[in-house]
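> coordinates only, sequence not included:
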C-alpha cells in the first residue's frame, strides 16, 4: 500500500455543499444482513484498510471560531468496529455519528450465523454513491483477508473534492435558475402574540415514521420489462407510482365526510416532488465515486395527480423534463443555488420586496432518492448477503402542521429506492402519522402491482 502524502492530507475547510449537512448532522446507514460465519477480526481489518486508503474517513469536523473544517489528526485513528450480540433478529444500526469526533462507523449485530452489518457515514463528506462504493470496497477487503490473509492492495487516495471545486474546474457555473423553483412557496407570516397572551411556541422538529415495501424478483422484472417496452426507466415508473400514492393518501385524508366514498377517488391533488441526480458522469471529465463528496444536482417536478392519472404518462413527463434539464445543464449546477452567493457573479440588481420574501418548500413535498442497483458485495464462500437496507438518520422533515421560515427547506416525506438481489425495495420516512404512512405504502403497493400484472 502506498504511503500517505502528508502534505496533501492536512484537512481543509468544508464547502457549502458539505456544510449544509451538518445542522442537523445527517448520518446515512447502509446495512446488509448476512448468513454464515462472520469473522469480526477480518471485518475489522477490512474496515481499517479502507479507512487508510481513504483518509478522509479518519477525520472529524471542527467548527470552533469560524467556518467548519475537516481536520485530519496526525495519528489518524480508525473508529473501532462495534459488535452487539442479540437474542432476536439482528437489526441495522441506528446510531447517529457525532462529526466532532467521527465521520464513519461500522457496526455488527449478530445472533449465531445471522448478522446485520451497517456502515454509517456522515453525509457532509460522502453521498450515497461514495458510501456504497466504500461499502463494496470493505467487503472486497474482507473477502481477501479471509481467503489470503491480506486486504486488497490499493493506493492511498487524496481527499475527495466538494461539488463546487469539481464544477469550477470543469467550467460549470451557476445559471439563471435552479430547476426546483416550482416547489417553493412564500413562508407563512410569523405569529405575533398580543400583549396579553403568551408567545406561540415554535413548531417542533418533525419526527420520523418509517415503513418499508419490498417487491418480489418477479414483480421487479415485470416493472423493468414495462419500462423497456415504453422507453421508461425504473426511476420514472417508481417516481410516478410514489406521486400517485401520495396523492391518493392525501385525497382520502382531506376528503369531506359526505364525499369520502366518492369524492376522494376523483379529487386531484397537487404533488410537489423532488429528487437528487448523481452528476459524476454528467460532467466532463467524469468523477470517480470516491473522488467527490456530495456530487449531485436536484430536480423539481410538480403535477396535479388523481385517481385517473396514467402512471406511464406521468413517468414520461417526469423523464422528459429530466432529460431537458440535463441537456441544458440545469441539473448539474442546481446545488450552487443553495450553497450561498457565487463570488464570481456580477452584483445582483436591486431586490424587490417580493424577491426578498422568505420561502419554504411547498407543504407535503416528497423527495425520492434512487440509489439504483446496489453494487456487488464480494463475500467468501459460506457467507451470503441476503438483504440490503438504507436510511438517512435524523434527516430534517417539514412538519405537517407548518414550517419554520428560519429552518432550512425540508420535505415532508422521503423515499430511498434500491434494487438488491433483483428485488426492488422502497424505504419511506415521513412526518405524517403511522396511519397515513400505512395508507401511502398500501397505495404504492397497489399502483406498482397494477403496472406489473
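Received, thanks. Quantities reported herein were computed from a predicted structural model and do not represent experimental measurements.
> Which strand residues bridge the residue nearest the centre of the chain?
Among the residues of the chain, the one closest to the centroid is residue 369, at 5.2 Å (C-alpha atoms, centre = their mean). Per DSSP bridges, residues listed as beta-bridge partners of residue 369: residue 416.
> For residue 242, see how far away it is.
Computed as C-beta to C-beta, to the nearest Å, the residue 369 to residue 242 distance reads 11 Å. In this view, the C-beta of every residue, glycine as well, is placed from N, C-alpha and C.
> give the contact list for residue 60.
If a contact means C-beta atoms under 8 Å, 6 or more residues apart in numbering, then residue 60 has 70, 71, 73, 99, 100, 101, 102, 103 as its contacts.
> list the residues that contact both of residue 369 and residue 242?
With C-beta under 8 Å, 6+ apart as the test, residue 369 and residue 242 both reach residue 415.
> Find the nearest non-adjacent residue to residue 162, please.
residue 15 (3.4 Å; C-beta to C-beta, 6 or more residues apart in numbering).
> Would you double-check that residue 251 falls in a helix?
Yes - Residue 251: assigned to a helix according to DSSP: H, G, I helix; E, B strand; the rest coil.
> So it versus residue 269, what's the distance?
Distance from residue 251 to residue 269, by C-beta to C-beta: 5 Å.
> Pick the one among the contacts of residue 60 closest to residue 79.
residue 102 (5.1 Å; C-beta to C-beta).
> where's that closest one relative to residue 51, distance?
From residue 102 to residue 51 the distance is 11 Å (C-beta to C-beta).
> all strands for the stretch 151-300 of the chain, in order.
Counting by DSSP state E, counting those that start in this stretch, the stretch 151-300 of the chain has strands at residues 184-186, 209-214, 269-278, 296-305.
> Quick one: these as a markdown table, columns for mean neighbour count too.
Shown next, in a markdown table, are those (neighbours: other C-beta atoms under 10 Å):
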| stretch | mean neighbour count |
| --- | --- |
| strand 184-186 | 14 |
| strand 209-214 | 16 |
| strand 269-278 | 21 |
| strand 296-305 | 21 |
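> out of those strands, which comes closest to residue 425?
Using C-beta to C-beta, the strands of the stretch 151-300 of the chain put strand 209-214 closest to residue 425, at 4.6 Å.
> Going by contacts, tell me the helices and strands next to the closest one.
strand 423-430, helix 434-452 (3 or more C-beta pairs under 8 Å, 6 or more residues apart in numbering; DSSP states H and E).
> Just name the most buried of these.
Mean neighbour count (mean count of other C-beta atoms under 10 Å) peaks for strand 423-430 among these, with a mean of 22.
> residues touching the residue lying closest to residue 273 once chain neighbours are set aside, list them.
Residue nearest to residue 273 in three dimensions, not counting chain neighbours: residue 301, with 4.7 Å by C-beta to C-beta, 6+ apart. By C-beta under 8 Å, 6+ apart, the residues touching residue 301 are 182, 239, 273, 274, 275, 317, 318, 321.
> ranges for the strands of the stretch 1-150 of the chain?
According to DSSP E, counting those that start in this stretch, the strands that the stretch 1-150 of the chain contains are 12-13, 27-35, 60-62, 69-71, 82-85, 104-111, 114-122.
> before we move on, what about the stretch 301-450 of the chain?
Under DSSP E, counting those that start in this stretch, the stretch 301-450 of the chain gives strands at 359-361, 366-373, 384-393, 413-420, 423-430.
> tell me the angle of the fourth one relative to strand 209-214?
The reference is to strand 413-420. 30 degrees (axes from the mean of the first three to the mean of the last three C-alpha atoms, to 10 degrees).
> just the angle between strand 413-420 and strand 366-373, please?
10 degrees.
> circling back: in JSON lines: the strands of the stretch 151-300 of the chain, plus distance to residue 438 and mean pLDDT.
Output for the strands of the stretch 151-300 of the chain, formatted as JSON lines (distance: least, C-beta to C-beta, whole Å; pLDDT from 0 to 100):
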{"stretch": "strand 184-186", "distance to residue 438": "28", "mean pLDDT": "76"}
{"stretch": "strand 209-214", "distance to residue 438": "7", "mean pLDDT": "96"}
{"stretch": "strand 269-278", "distance to residue 438": "18", "mean pLDDT": "96"}
{"stretch": "strand 296-305", "distance to residue 438": "20", "mean pLDDT": "96"}
